[in-house]
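Trainee: This is a predicted model, with the sequence first.
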Amino acid sequence: MIHMEYYLIVSTIMMFVGIYGFVTRRNLLAMLISVELILNSVDINFVVFNRFLFPGQLEGFFFALFAIGISAAETAVAIAIIINIYRNLRHNQDKDLKKLKW
């Protein structure tokens, strides 16, 4: 049986890679992938804490499934917005997004 610490280490690494990618990248798709990494690390935490704290119950799994559904909807909306930005500006960098305000 794998110890809880190993899952938490993987989740922590995914969280920090996602935060680093979100802060350092200027491409909107790379930023979206970084947000997905952060959400996946949260899903891992839901499942791990449910498995080790309440082994007979399924609340953590249902929270993880709900979070996966929410992240899929968020990804679909974000990709639609990115496609619209690309059609208007012909690139998907975040530096010129202030032009879309006015």
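Mentor: Perfect, thanks for sending it.

Trainee: residues in contact with the most centrally placed residue in the chain?
Mentor: Central residue of the chain (C-alpha atoms, centre = their mean): Glu36, 2.1 Å from the mean position. Shown in contact with Glu36 (C-beta atoms under 8 Å, 6 or more residues apart in numbering): 18, 71, 75. (C-beta placed from N, C-alpha, C; glycine too.)

Trainee: mind running it again at 10 Å?
Mentor: Counting by C-beta atoms under 10 Å, 6 or more residues apart in numbering, Glu36 touches 14, 18, 21, 71-72, 74-75, 78.

Trainee: Against Asn45, how distant is Tyr7?
Mentor: 8 Å (C-beta to C-beta, to the nearest Å).

Trainee: typed the wrong thing, it's Ala78
Mentor: From Ala78 to Asn45 the distance is 22 Å (C-beta to C-beta).

Trainee: again, but for Phe54
Mentor: Taken as C-beta to C-beta, the span from Phe54 to Asn45 is 14 Å.
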